[in-house]
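*Asks:* Got a sequence here, can you build the structure:
(chains A and B)
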Amino acid sequence: KAGVTQTPRYLIKTRGQQVTLSCSPISGHRSVSWYQQTPGQGLQFLFEYFSETQRNKGNFPGRFSGRQFSNSRSEMNVSTLELGDSALYLCASSLAPGLGYEQYFGPGTRLTVT
Amino acid sequence: AQRVTQPEKLLSVFKGAPVELKCNYSYSGSPELFWYVQYSRQRLQLLLRHISRESIKGFTADLNKGETSFHLKKPFAQEEDSAMYYCALSGQAGNQFYFGTGTSLTVIP
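*Replies:* The predicted model follows:
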């Protein structure tokens, strides 16, 4: 079974631009979560989607948004990029929400904002 | 507020020595606790969860609600245990996880 895939793997953007990251979950998985990983803050939860609906949202500004499609693929968008948005963005998928279901992480997208 | 604290950024032990990675948490409710591991050049993956009460790769972790801790232990460290370890908690409702900042474990041959 193919694992979680994220595209692109690396991205360089300029302050003020916007960016869209993509996550394809494991086949059959319907829940997708997004995390931001930085050396100073570690992993921080961004949001979780299930059945095209956002179920949970972390403490991030409105510049960070996401969506999920009917095939469970998910995208996250960051508008008006700031230098502090430079991070590794991780996506994780699970069969469904809830603690009985293990999350499987993707390799991440490394975003650099200059 | 929910918080997971891993006080040690770096931890080095000799092969065969016991290892303990510390994790303390604060959560208003009954959390579920997890340990995740990331080996070099690999993806973050679940190591164990407290509700399973199982030992994975020789590691165990006991939830101490009184001390709000979930320390990860292994009696005899192996070189292949060298990795980054993250403690995480989640509420009962769903997949909103709170991660600690991680501890980098190095097992010295």
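*Asks:* Contacts only, for residue 58.
*Replies:* Because you didn't say which chain, this covers chain A. Taking CB atoms under 8 Å, 6 or more residues apart in numbering or on different chains as the criterion, A:G58 is in contact with A:Q44, A:F45, A:L46, A:F47, B:Q96. No exception for glycine: its C-beta is placed from N, CA and C like everyone else's.
*Asks:* You answered for a different chain; I wanted chain B.
*Replies:* B:K74, B:P75, B:F76, B:Q78.
*Asks:* and chain A, which of its residues are near chain B?
*Replies:* Residues of chain A lying close to chain B (CB under 8 Å from any CB of the partner chain) are A:3-4, A:31, A:33, A:35, A:41-45, A:48, A:55-56, A:58, A:90, A:92, A:94, A:97-99, A:101-107.
*Asks:* Please spell out the PyMOL selection for the buried subset of the contacts of B:G58.
*Replies:* Here is the PyMOL command that selects the buried residues among the contacts of B:G58 (16 or more other CB atoms under 10 Å in any protein chain shown):
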select buried, chain B and resi 74
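*Asks:* now, which of the contacts of B:G58 sits nearest chain A?
*Replies:* Nearest to chain A among the contacts of B:G58: B:K74, at 21.1 Å, using CB to the nearest CB.
*Asks:* now for the lowest-mean-pLDDT helix or strand in chain B, which elements pack on it?
*Replies:* Here the helix or strand of chain B ranked lowest by mean pLDDT, DSSP states H and E is strand B:97-99, holding a mean of 88. When contacts are defined as 3 or more CB pairs under 8 Å, 6 or more residues apart in numbering or on different chains; DSSP states H and E, strand B:97-99 packs onto strand A:31-38, strand A:42-50, strand B:3-5, strand B:83-90.
*Asks:* got the ones you listed as JSON lines, with mean pLDDT, mean neighbour count and distance to B:F14 columns?
*Replies:* Formatted as JSON lines, those follow (pLDDT from 0 to 100; neighbours: other CB atoms under 10 Å in any protein chain shown; distance: least, CB to CB, whole Å):
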{"stretch": "strand A:31-38", "mean pLDDT": "94", "mean neighbour count": "23", "distance to B:F14": "30"}
{"stretch": "strand A:42-50", "mean pLDDT": "92", "mean neighbour count": "23", "distance to B:F14": "27"}
{"stretch": "strand B:3-5", "mean pLDDT": "91", "mean neighbour count": "17", "distance to B:F14": "26"}
{"stretch": "strand B:83-90", "mean pLDDT": "94", "mean neighbour count": "23", "distance to B:F14": "16"}
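*Asks:* With respect to B:Y27, which of the ones you listed lies nearest?
*Replies:* In terms of CB to CB, the element of the helices and strands packed on strand B:97-99 nearest to B:Y27 is strand B:83-90, at 5.9 Å.
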